[in-house]
Structures are given as structure tokens and as C-alpha cells.
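S.K.: could you look at this predicted model? Sequence included:
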Amino acid sequence: MELIKLADIYKTYHLGEIDVPVLKGVSLTVGRGEMVALMGASGSGKTTLMNILGCLDRASAGRYWLDGQEISGLSSDELAHLRNQKIGFVFQTFNLLPRTSALENVMMPLSYTPQGLPDREVRERCAALLHRVGLDDRMGHEPSQLSGGQQQRVAIARALVNRPPLLFADEPTGNLDSHTSEEILQMFGQLNAEEGITIILVTHDAGIARHAQRVIHIRDGMIEDGAGAADAPQDAQTSRAAPGADQPRRTEVPP
Amino acid sequence: MSWLGAKFHSRTLRTAFHALRRNVMRSALTTLGIIIGVAAVIAMMEIGNGSSTAIQKSIASMGADNVIVMPGTAASGGVSFGGGSAMTLTPEDGEAIQRECPAARAVAPLVRARTQVVYGNKNWVPLFIYGTSPSYLDVRDWSDLAEGESFTDQDVRNASKVCLLGQTLARELFQGTPPIGQEVRVKNVAFKVVGVLGPKGANMMGMDQDDILIAPWTTIKRRVAGSSLANVNQSAGNAAASGTTPAVNTLSDIYPGQPSLYPVPSNVQAADTPLPVRFQNVDTIMVAAQSPEEIPVAIRQITQLLHERHRIKPGEPDDFNIRDMTEMTRAMSSTTGLMTNLLLCVALISLVVGGVGIMNIMLVSVTERTREIGLRMAVGARGRDILRQFLVEAVVLCVLGGALGIAFGRGGSLLVRVFLHWPTELSLGAIFAAVIVSVSVGVIFGYYPAWKASRLDPIEALRYE
């Protein structure tokens, strides 16, 4: 079943008099439980595409279904709700709240959840998530007291706090050394394999893209290879059956 | 504003506190403007209230709370004798006012005379010779005697020959020797001096109020004055005094016979006012109201009472006049009004300055936290959530500032009272106003930065460096 379906998405920026087309007819399908890398050089439109996929931005034309819901016509408040419930974000610069404990950073998205959870449950859920990312003993630490890798783990826990089906990671290892990068990427692989969370890695690094089951290349606002093919989800199923961030491979459309 | 009310849960408040705690120093400095503003308002309101009460008290002691009841005019054959010439007020009227008018604090009947006072080889004509009751000192707020003590109600009943001297009179007659227990002569009646009044100075007309002799009104009435109309109502006075020979110092001078109490009324008057015969009248009744504000009430009550007592039907002209110290009360209320307005201006300015400080820092804070705002939007905060967060932060700052300001202001006014001995007075109104003002300053000056924050584009905000 597909989680994301893009049909003929266009995005054009208006810089004064000049129209700058960034996305030129992108069609794409991502199945539930996939781990996809979105690759492209800078200026290729991958960030724009990610913003649209992440419901932060709206396409100029085309249609977008997320989890079976057509979202092209939603208001910004409805988009905010959607982001809160269905999407987690992990950023290159972590974007943790300064001078705020790891636990409170993880709790933050819950304060925008309409159905208010009781405080105790909030605390327990967040503590469990921090445990999941291996930061039991760092809950009270502020970001300035955490290493880069630890900060990114907090960010991942934060992204997961509303149990979203979809996780975006925008250059998640851009600010980390190679060893830590590997750890973080393995964590993504685990989350994908064990929790079935759909993960979209945005990167320009082919080495990182190798951790994904499928790579979508973007060039000049268009998808380069036929990665939007319908049989890609099957591929994801197989890779989940044989969980392996340890056997990274670049999934091509099977012949 | 419904979103501020219904969905306002404690988490928003906690978030705001948390955000403010993240930069304690700056929050403290920001709210300092409000603290100082509110503290200044509270302290000044308390000190101002205290001093205006003190001013009111001292103006009241000048007689601002006094009401003067004078008899109406007498007329004879088309000749009016001016205000106070009719003899319609009785001491019983005074007692009735004291008894039946709750707005009256103290009542004193007054009988006036003007004549020479002699002691030894000195003599002096005081400005005022008043026959009255001991409550006169209450009415005039003059109860602090320099020496001796006042005469009593019993002295009034007995028409005792005792008197109180004003400072000026005492100085002129006694030249520094102790006057208590000495006897002065007024129209050949010997009065024992039982006390000397405290200094009072000039009244508003510039007349020396210390140039006075006060004695029981019965004594003045029966032994000294006769009718005080002797000077005013010439025709009546002559008629009344015809029984005595003023030139000769006889026993009848020392014990003057009862002169005719009433001017011979015209036939019309006599027909119109069939009053029972009264044996004594007083020139004036002085009434002190409970407070200057209650003067109108007191006047109304006295008018009604005297209408009943004098049997004046509706539509008939009053046989009395009531005067108050309008000039003084107006001066008083304008003094206090001026003070209040001045304080209000200062308060307003300092609070606006404080508010601008809040707005400035909130704007800085929005810029500084652009990425945080972007992040919050990315994880699902709507524009209105962001607006609310920053607005609540500003309001929390202002309310905390206001609370601290109230504490500091009260402390300041306490210090002033303890160390400078200025009168201060708790002003609940000022505290109430300070709370309201600081909340509204928070909302007004916090709104623009919060609105700016809520309008940020999450993508731009996330990428903001």
C-alpha cells in the first residue's frame, strides 16, 4: 500500500518578474515501510521536493496524496495538524531547543497535539523513546552538554514522539563524523525494519544513500530514473523480510 | 479571543515560563521596566493618597466640613435688615440637629457680641466674642488647648462666668503672665479664665481667629450681649433696649434685663408666622459634618429638620439660611484632583516606557528564536499556537513584573512611612489598576512580535541563520 503518491507536481518560485521553475512534473510513489533516499545535487530541487512531501510547502500544480488523503487543498492549519500527526522531521543541524533538557525537547511536539495526553503518560512515552535511542542516562542534559550524535538521537526521538508513519531526514549526518553517521544510519535502518516506519533520507552523498532500499535521483526538477515504479514497495517487503542495513544495496527496478 | 480562553491549558503557561527561564537575565531586565513602572505607581499612589488625606484633614480643620445655619432675614415696613436679622433659631434647634441629623458630627449654637474686655489696666476689643457650648471646639477642630481646659456643659446650663481666651487676646491682656484663674471683665461682668486656646492663625478672609473670647452662650446671652442685633437692627434694637439706660453703669448693666428677644414684627409677619413664644434665640448654629463629602447630606437633613421644627409649609420661604464653605471644599477637591491626575500621567508614561521595552525585547526574541519557531511549526504548531505562545510569554513577563512592582511599591511606601514619616495609605484601587494595566501592556505590546512570529514561513524560519 502506498503512503505517498505524487502526481505531476510542479513548483515554481516567483522571484520578482522572473519565474523560476524548480520542480517540473514530479510523479512518485513511496510504499509503506520503505526506506528511500532522495538524492540530487544542490539546486536540483530535492529540498523543495522534501518540503512539499513534508507538508511544509505547497506545490504550484499537481496532486499529492499522503496516507490516502489528498492534501493539495488543505489549509495551513490542517497541514500543521498533518505534520504533527503523520510526519517526523530530523534535520542536519538537529534543531533542538537550547537550554532545554533532552526530555523536554522530545516532549515538545506533544504540546501541539490536540488530544492532550496526561502529563505522566507524556513523560513515560518520551522516556521510553529516549531509551529506544540509547540516551537513558542523558534525559536531563541540555543540548550543549550532548555530543552531535547524541543530539541527533534526541532529534530522532522527538520526531517519533507522535508515532508518525513517515520520517524525513534532511542530511541527517551532514554535521556528524563518519563513525557517528554510521550509527545514526543504522538506527534509521532499525526503525525502518523493526517499527515499519517509512523513512525518506534526503542527501547528496551516495554513501549514505546506499543505506536505503531505493534511491530516487532528482536532476533539474525531474525524477531521473523510473523510481516511481509501482513495484518498488514489493522490494521493500522483501528487504524487510531480510532485515539488512548491513547489506546496503542500491535498489534498481527489477528487470 | 476564544482560543485564549477555552483551550488555554497549563502547558502553554509552562512553555512560556520555560522559555523565559532559558534567558533569565534578559527576562529580568525586560520586566524591570514594568517593575519600576508599577512600583512607582503603587508607591506614589500610596504616598499621594496619604498626603491628600493629610491635606484634606488639615483643610477640614480650617472649617471645610462646617455648615453654618443662620436665621433668615427680618423686614420691617419694606426695610430688610439683611441675613441673620430674624430671630428664629433656638438652642433647641441645635440640640435637635445633633440628635436627629446623622450627617452632623458636632453642633454648637453661637451668640455673638462685640465689646471691650478688660484685665487690670489693659483693655482690648477682640474680633470675636462667642457665646457657645463646649462642642464648638469640636466643630472648629480646636480641641487642643494651649493651657487649662474648656468649660463644660454644666457651665452652659448654669450660665457660669467662665471663658476661654484666644492666643492674641491672652497676649494683649496678660502680656506673658499666666492667665489661668484670673478674671477678665466683659461689660462689667467678671469672667474667670479657665483656658487658653491653641493658635489657629488667620482665617481665609485674613481675620485673626486667635483674637477671640469664648464663653458659655447662656452667659453671653443673658449677662453680656442682650440682643446682638443692637448694632444691626437699629430700630428694633432701640425699641428693645429702651428699658435700660446704657450711659449709666447700674446694676442692670451688670445683670442686664431681658431685652425684647424679637424685633417687633410687622403685622403681616405676625399673622404669617404664629410662632410660640421663645425665650432665647441664638445668632447662628454651627454644624460640623461627618466629613466634607457629607456636607450636602447634612444640609439636606438640617433643612428638613428645621422645616419641621419651624413649621414651614412647602412653598413658604425659609426662615433660615444654610451656608457651607464652598470655596474651601472646592480648593480641597481641586488640590486632590490635581494630585491624582499628575500621578496618573507619571504612571502612564512609565508604564508605556516599560511596555515599549517589552515589545523591543520580544521582537529581539522572535528574531533570535526564528529557528525554534520554524521547528515548532514543522512539528505541528499552527500560526495561532505560535502567536499564543509569544503573547503568553509577554503577558507572563508583565504580570510577574506587575506583581514584583506591587511588592516593591508597597515596600517603598512602607520605607517612606517608617523613615521619612510621610503619611501613606494603602490604595487597593492602584493595585487593581496596576494588575490590569500590566496585563494589557503585555497584550498590547506583546501582540505585534507574537503576530510577526506567527506569520513566519516554516521553511524560511528553519533555514534562518
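M.R.: Great, that's in hand. Numbering: from 1, shown residues only, chains lettered A, B, ... in the order given.
S.K.: rest of the way, CA atoms for contacts and neighbours
M.R.: Fine.
S.K.: which regions of chain A sit below the pLDDT cut-off?
M.R.: Along chain A, segments meeting pLDDT under 70 span A:225-255.
S.K.: which stretches of it form strands?
M.R.: A:2-15, A:18-31, A:35-39, A:61-66, A:69-70, A:87-90, A:166-170, A:198-203, A:214-219, A:222-223 (DSSP state E).
S.K.: outside of the third one, which residues touch it?
M.R.: By Cα atoms under 8 Å, 6 or more residues apart in numbering or on different chains, the residues outside strand A:35-39 that reach it are A:30, A:46, A:189, A:192, A:198-206, A:209, A:212-218, A:236.
S.K.: same question for the last one.
M.R.: Among residues not part of strand A:222-223, those counted as contacts by Cα under 8 Å, 6+ apart are A:23-27, A:216-217.
S.K.: list just the nearest of those residues to chain B.
M.R.: Distance ranking of the contacts of strand A:222-223 against chain B, using Cα to the nearest Cα, places residue A:23 first at 16.6 Å.
S.K.: which non-adjacent residue is nearest that closest one?
M.R.: Once flanking residues are discounted, residue A:23 sits nearest to residue A:221: 4.1 Å by Cα to Cα, 6 or more residues apart in numbering or on different chains.
S.K.: check contacts around the one you found.
M.R.: Contacts of residue A:221 by Cα under 8 Å, 6+ apart are A:21-26, A:44-46.
S.K.: could those be laid out in JSON lines, adding distance to residue A:123 and neighbour count?
M.R.: Compiled in JSON lines, the contacts of residue A:221 are given as follows (distance: Cα to Cα, whole Å; neighbours: other Cα atoms under 10 Å in any protein chain shown):
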{"residue": "A:21", "distance to residue A:123": "45", "neighbour count": "15"}
{"residue": "A:22", "distance to residue A:123": "42", "neighbour count": "19"}
{"residue": "A:23", "distance to residue A:123": "41", "neighbour count": "26"}
{"residue": "A:24", "distance to residue A:123": "45", "neighbour count": "17"}
{"residue": "A:25", "distance to residue A:123": "44", "neighbour count": "17"}
{"residue": "A:26", "distance to residue A:123": "41", "neighbour count": "20"}
{"residue": "A:44", "distance to residue A:123": "41", "neighbour count": "19"}
{"residue": "A:45", "distance to residue A:123": "39", "neighbour count": "23"}
{"residue": "A:46", "distance to residue A:123": "36", "neighbour count": "28"}
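S.K.: okay, those residues in a markdown table with distance to residue A:85 next?
M.R.: As requested, those are exported to a markdown table (distance: Cα to Cα, whole Å):
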| residue | distance to residue A:85 |
| --- | --- |
| A:21 | 30 |
| A:22 | 28 |
| A:23 | 26 |
| A:24 | 29 |
| A:25 | 28 |
| A:26 | 25 |
| A:44 | 29 |
| A:45 | 26 |
| A:46 | 23 |
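S.K.: which of the helices or strands spans residue B:354?
M.R.: Element membership of residue B:354 [criterion: DSSP states H and E] is helix B:326-368.
S.K.: quick check: angle from the helix or strand following that helix to helix B:326-368?
M.R.: Using DSSP H and E, the next helix or strand after helix B:326-368 towards the C-terminus is helix B:370-378. Following axes from the mean of the first three to the mean of the last three Cα atoms, to 10 degrees, one obtains 80 degrees for the angle between helix B:370-378 and helix B:326-368.
S.K.: work out the gap between the helix or strand following helix B:370-378 and the centre of the chain.
M.R.: Per DSSP H and E, the first helix or strand lying C-terminal to helix B:370-378 is helix B:383-415. Averaged C-alpha coordinates place helix B:383-415 at 36 Å from its chain's average position (Cα atoms, centre = their mean, to the nearest Å).
S.K.: for helix B:383-415, packing partners?
M.R.: helix B:10-21, helix B:24-59, helix B:326-368, helix B:370-378, helix B:428-454 (3 or more Cα pairs under 8 Å, 6 or more residues apart in numbering or on different chains; DSSP states H and E).
S.K.: now it against helix B:10-21, angle please.
M.R.: 60 degrees.
S.K.: give me the buried positions along helix B:383-415.
M.R.: Along helix B:383-415, these residues count as buried under the neighbour rule (16 or more other Cα atoms under 10 Å in any protein chain shown): B:383-410, B:412-414.
S.K.: what are the ranges of the helices in chain A?
M.R.: Using DSSP state H, the helices of chain A run over A:46-53, A:76-86, A:102-107, A:119-132, A:148-160, A:178-190, A:206-209, A:232-241.
S.K.: out of those, which comes closest to residue A:2?
M.R.: Of all these, it is helix A:232-241 that lies closest to residue A:2, at 7.6 Å by Cα to Cα.
S.K.: send me stretch B:436-446 as PDB with only the CA atoms.
M.R.: The C-alpha trace of stretch B:436-446 is given here as PDB (Å, rounded to 0.1, in the frame of the first residue of the first chain):
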ATOM      1  CA  ILE B 436      -5.000  45.400  34.800                       C
ATOM      2  CA  VAL B 437      -2.500  47.800  33.200                       C
ATOM      3  CA  SER B 438       0.400  45.300  33.300                       C
ATOM      4  CA  VAL B 439      -1.700  42.600  31.700                       C
ATOM      5  CA  SER B 440      -3.000  44.900  29.000                       C
ATOM      6  CA  VAL B 441       0.600  46.300  28.400                       C
ATOM      7  CA  GLY B 442       1.600  42.700  27.900                       C
ATOM      8  CA  VAL B 443      -1.100  42.000  25.400                       C
ATOM      9  CA  ILE B 444      -0.800  45.300  23.600                       C
ATOM     10  CA  PHE B 445       3.000  45.400  23.300                       C
ATOM     11  CA  GLY B 446       3.400  41.600  23.000                       C
END
